[in-house]
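A.B. asks: when you get a sec, could you give me coordinates for this:
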Amino acid sequence: MALLWGGPYVLIKVAVDDLDPLTLGAVRLAIGALTLLPMALNSGAFADLRGRWRWVVALGVLELALPFSLIGAGEQRIPSALTGLLVAAVPLILAVATLRIPAERGGPLRLAGVLTGFAGVGLLLGFELPKGSDGAAGAAMVLLACVGYAAGGLILRYRFAGTRPEGVMAAAMAVGAAVLAVPGAVAAAGATPQASSMLATVVLGIGPTGLAFYLFALLNAEIGPARASVVAYIAPVFALGFGVGFLDETVGPATFAGLALILAGSRLAARG
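C.D. replies: You can find the predicted model right below:
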């Protein structure tokens, strides 16, 4: 999961060079839905969704359409590696949101891990955020996307218990693609995307969208949203590596200090 969710930020950065974030989100979700459709039809998973369609819509908007659009727009303003690092805020948001849920509350080790990991993110944010209003706006968009991811994790856990994830995620992706279809089409008017952007979009749709969200739904059902969100601590390692390796993004001592805190927090949160 960490590999699949740490890698897409480089691909998003490439795609939004000449694709609007709304267009990218719509196409990416459509490809993701088509990736899961044969699996969902073969298993009869759509039958599990009877009486849950309003939650499918909520999941499609909060977990998919909103975060995908915001992260794409954020990456037009901040580096891909920093975007991946900021997404590590998801466990902290979930920790606050689940304080009143005994099954998700966890013990002091988990809380200490979440706080330690977020301290690492804060360190990176303080030293790596581009100066000016663009940098602040980009970071705010990504953090708002984190709120959507956290809400989606809770919806999956408590509204789709016992369902087959291929049906849930295929339907939610179809909803998300439909929500973004018209604004994405309007934004794409006159665009002439390069081959690199088109290839990045296809890879995003199949791997980090279709397959990754299916795996996340399995993980979420097995161990709950608070523990499943720990993947957001490990994914930044991959995001940073891909950003440096493929886009020549720079790192400094604060980057390694922040990563050390993130990894330590991941370990504590998983044990807790």
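
A.B. asks: hey, C-alpha coordinates of stretch 36-52 in CSV?
C.D. replies: Once side chains and other backbone atoms are set aside, the C-alpha atoms of stretch 36-52 remain, and they are given as CSV (Å, rounded to 0.1, in the frame of the first residue of the first chain):
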residue,chain,number,x,y,z
LEU,A,36,-12.2,-3.1,-10.8
LEU,A,37,-15.4,-3.7,-12.8
PRO,A,38,-14.6,-7.2,-14.1
MET,A,39,-13.7,-8.3,-10.6
ALA,A,40,-16.8,-6.9,-9.1
LEU,A,41,-19.1,-8.4,-11.7
ASN,A,42,-17.4,-11.8,-11.4
SER,A,43,-17.9,-11.9,-7.6
GLY,A,44,-21.4,-10.4,-7.6
ALA,A,45,-20.1,-7.7,-5.2
PHE,A,46,-22.6,-5.0,-6.4
ALA,A,47,-25.4,-7.0,-4.6
ASP,A,48,-23.8,-5.9,-1.3
LEU,A,49,-24.6,-2.3,-2.0
ARG,A,50,-28.4,-2.5,-1.8
GLY,A,51,-29.6,0.1,0.7
ARG,A,52,-26.2,1.7,0.9
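
A.B. asks: buried ones in it, by neighbour count?
C.D. replies: By neighbour count with 16 or more other Cβ atoms under 10 Å, stretch 36-52 contains the buried residues 36-37, 39-40, 45-46, 48-49, 52. (Glycine included, C-beta is placed from N, CA and C.)

A.B. asks: which one of the residues you listed is nearest to Leu215?
C.D. replies: Nearest to Leu215 among these: Leu36, at 11.1 Å, using Cβ to Cβ.

A.B. asks: could you find the closest non-adjacent residue to that closest one?
C.D. replies: Nearest-residue entry for Leu36: Ala170, 3.9 Å, with adjacent residues in sequence omitted and distances by Cβ to Cβ, 6 or more residues apart in numbering.

A.B. asks: and Ala239, by the same measure?
C.D. replies: Closest residue to Ala239 apart from its sequence neighbours, by Cβ to Cβ, 6+ apart: Gly84 at 2.3 Å.

A.B. asks: next structured bit after the helix or strand where the one you found lies?
C.D. replies: Element membership of Gly84, judged by DSSP states H and E, is helix 80-86. Past helix 80-86, heading to the C-terminal end, the next element that is a helix or strand (DSSP H and E) is helix 90-97.

A.B. asks: what packs against that next one?
C.D. replies: Counting contacts by 3 or more Cβ pairs under 8 Å, 6 or more residues apart in numbering; DSSP states H and E, helix 90-97 is packed against helix 108-128, helix 133-159, helix 225-228, helix 231-247.
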